[in-house]
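Asks: Pasting the sequence and the predicted model now:
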Amino acid sequence: MTRACAAAAVLLAAAAALTQTALAGDAPRQALLRSTAAPLDARLPLSSDVTTPPDVLPGGSRVTGSELVTVIVDHAGTPQAVRVRQRLVLVGTGDYSLVVPAPLVDALPAPGSDSVPGRRSGGIVWQGFVGSRRVLAADAPLRRAAAAALPIRLRITTTVDGRRLESGERRSGHVEVRLEIHNRTAVQAQGFDAPAVPARIAPVLDRLRTDAARGRVAPDRYLSIQGDPRPRSFVVDAPFAVSGKLRLPASTLENVEVDGGTVARAAAGVVRFETVLTGSRSSTVVVLAGDGSGIETPSLELTARPLAVVPGLQPPGGGTWREGVASGRAPNGRALVALASRASLQLARVQQFEEFLSVPGRGEASIRYRYRTAGEVRSQAGRQPDDGSSVPMAALWLVGVVVVLGGLTMVWARL
């Protein structure tokens, strides 16, 4: 073989190798989208410093959970106490042994529970046998350290004639109440993008939309990509729908003005508000101002619940992502991969705040966070209907009166 022929053979071999490399680079690969059940940090669900045994559930069983987190705040909006009412529904047949980790103060049976919870330093303990369905409901006061994991932060500032009004004070003059509500769930998470065929990404985006709409946990899924994934950093949060009522106690109140809410009853100083906190609008402010006498620090009732909302997950033109890609209105494949990665992380963040206390077996959960000022709790407690507990006290008082009158009668008879 001549040198020219040898050189030509080398060039042909190199060209073939380059062609094979290019083809391999374009070959479909798989990139993992983690399940939305995977938390993005250690903030929630709450954990315990004490090691707990693994959960034991009947084979094929299913657990769903719902929670009400009640937060008592002071006149400035600072949490003073946190309490969780968790309701677990266990469906299956067999023995179970569960420990729900929590920084407990106590664990009491909640209304509707089929069992009485046990308490360890590491969490709420459930043990027993389920025939087909069993409700496990606990009312659990938590240590104050649990407040650090709350998704909503409040700040209430009340001034009369420019000077701060403290709890227990009553003053007259021009009053201004400023309520600040902050969504503090944002976190930086690691995702990716990659070149891809849009038609192969569209079905995954449609399934993520369905999971979000139905409040379901999305399982692990794979994306078909055409090259190496490139790391991307996303800031994701859990959007929250917030609504509530602010009330300013006063002997008289007039010239009421409100910003960020609507006046329900001006003379009573009642303001209602409602908003969604997410992304660039992660905070809101409600301001109540007026002139009055006998003004006291305000009371607050606020309810917050997470929303499975992902910016940009709505297909262009409506319909489905399959239709959007077919019509040519969808972005390119790399942008769709980035959207799928970010949407999965966002839904994971929402799912994380659906569980203040963990649901065993990675079951589905729903939650409400309720914030109340301590004064509001006391006033509501005073208005609770009589449950019969006052009857024995009244009877004892009546018996005491009869005994005293009987003694006086005997003394009178001896005179």
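Replies: Thanks, I have it. Numbers count the residues shown, from 1 in each chain.
Asks: show me where the stretch 251-400 of the chain has strands.
Replies: Assigned by DSSP state E, counting those that start in this stretch, the stretch 251-400 of the chain shows strands spanning 252-259, 262-265, 270-277, 283-295, 299-306, 365-373.
Asks: again with the stretch 101-250 of the chain
Replies: In the stretch 101-250 of the chain, the segments counted as strands under DSSP E, counting those that start in this stretch are 108-109, 118-120, 123-130, 133-142, 152-160, 163-164, 171-183, 187-193, 221-225, 230-236, 240-247.
Asks: Just send those back as JSON lines, with mean neighbour count and distance to residue 96 too.
Replies: Where you see a C-beta, it was placed from the backbone N, CA and C, and this is true even at glycine. JSON lines is the format used below for these (neighbours: other CB atoms under 10 Å; distance: least, CB to CB, whole Å):
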{"stretch": "strand 108-109", "mean neighbour count": "14", "distance to residue 96": "16"}
{"stretch": "strand 118-120", "mean neighbour count": "15", "distance to residue 96": "13"}
{"stretch": "strand 123-130", "mean neighbour count": "18", "distance to residue 96": "6"}
{"stretch": "strand 133-142", "mean neighbour count": "20", "distance to residue 96": "8"}
{"stretch": "strand 152-160", "mean neighbour count": "18", "distance to residue 96": "33"}
{"stretch": "strand 163-164", "mean neighbour count": "10", "distance to residue 96": "53"}
{"stretch": "strand 171-183", "mean neighbour count": "19", "distance to residue 96": "36"}
{"stretch": "strand 187-193", "mean neighbour count": "17", "distance to residue 96": "33"}
{"stretch": "strand 221-225", "mean neighbour count": "19", "distance to residue 96": "30"}
{"stretch": "strand 230-236", "mean neighbour count": "14", "distance to residue 96": "34"}
{"stretch": "strand 240-247", "mean neighbour count": "20", "distance to residue 96": "33"}
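Asks: and the strands of the stretch 251-400 of the chain, which one is worst for confidence?
Replies: Lowest mean pLDDT within the strands of the stretch 251-400 of the chain: strand 262-265, a mean of 88.
Asks: which residues are in contact with that one?
Replies: Counting contacts by CB atoms under 8 Å, 6 or more residues apart in numbering, the residues outside strand 262-265 that touch it are 245, 256, 270-273.
Asks: Looking at the residues you listed, state which has the most neighbours.
Replies: residue 271 (26 neighbours; other CB atoms under 10 Å).
Asks: Look up which residues are beta-bridged to it.
Replies: Beta-bridge partners for residue 271, by DSSP bridges, are residue 246, residue 263.
Asks: List the contacts of it.
Replies: Contacts of residue 271 (CB under 8 Å, 6+ apart): 245-247, 258, 261-264, 286, 288.
Asks: With respect to residue 198, which of the contacts of strand 262-265 is nearest?
Replies: residue 273 (41.8 Å; CB to CB).
Asks: which non-adjacent residue is nearest the closest one?
Replies: Using CB to CB, 6 or more residues apart in numbering and skipping the chain neighbours, the partner closest in space to residue 273 is residue 261 (3.7 Å).
Asks: again with residue 298
Replies: Closest residue in space to residue 298, ignoring its immediate chain neighbours: residue 248 at 4.7 Å, by CB to CB, 6+ apart.
Asks: Kindly provide the distance from the one you found to residue 169.
Replies: 13 Å (CB to CB, to the nearest Å).
Asks: For these two, indicate the residue with more neighbours.
Replies: Neighbour tally, residue 248 and residue 169, criterion other CB under 10 Å: the higher count belongs to residue 248, 22 against 14.
Asks: got the buried residues for stretch 39-56?
Replies: 39-40, 43-48, 52 (16 or more other CB atoms under 10 Å).
Asks: Same check on stretch 306-326?
Replies: Burial within stretch 306-326, assessed by neighbour count using 16+ other CB under 10 Å, is assigned to 306, 308-310, 313, 315, 320-325.
Asks: now, which of those sits nearest residue 374?
Replies: Using CB to CB, the buried residues of stretch 306-326 come closest to residue 374 at residue 306, 25.3 Å.
Asks: Which parts of this structure belong to which domain?
Replies: Taking automatic domain parsing as the reference, the chain has its domains at 32-149+374-385, 152-352.
Asks: Measure how far the shortest one is from the centre of its chain, please.
Replies: Distance, stretch centre to chain centre, for domain 32-149+374-385: 13 Å (CA atoms, centre = their mean, to the nearest Å).
Asks: What about the closest residue to residue 322 other than its chain neighbours, how many residues nearby?
Replies: Leaving aside its sequence neighbours, residue 322 sits nearest to residue 202 (CB to CB, 6+ apart; 4.8 Å). Around residue 202 there are 22 other residues, counting by other CB under 10 Å.
Asks: quick one: which of the strands of the stretch 101-250 of the chain has the weakest pLDDT on average?
Replies: For the strands of the stretch 101-250 of the chain, mean pLDDT drops lowest on strand 118-120, to a mean of 90.
Asks: quick one: strands adjacent to that strand?
Replies: Applying DSSP bridges, strand 118-120 is found paired with strand 123-130 (antiparallel).
Asks: Could you tell me how far the residue nearest the centre of the chain is located from residue 29?
Replies: Nearest to the mean C-alpha position of the chain, by CA atoms, centre = their mean, lies residue 353 at 3.5 Å. Using CB to CB, we find residue 353 at a distance of 33 Å from residue 29.
Asks: among the buried residues of stretch 306-326, which are in helices?
Replies: Within the buried residues of stretch 306-326, residues falling in helices by DSSP state H are 321-325.
Asks: where does the protein have low pLDDT?
Replies: Along the chain, the model assigns pLDDT under 70 to residues 1-27, 375-415.
Asks: one more time with 80, if that's ok
Replies: The chain contains residues with pLDDT under 80 at 1-28, 121, 266-267, 362-363, 375-415.
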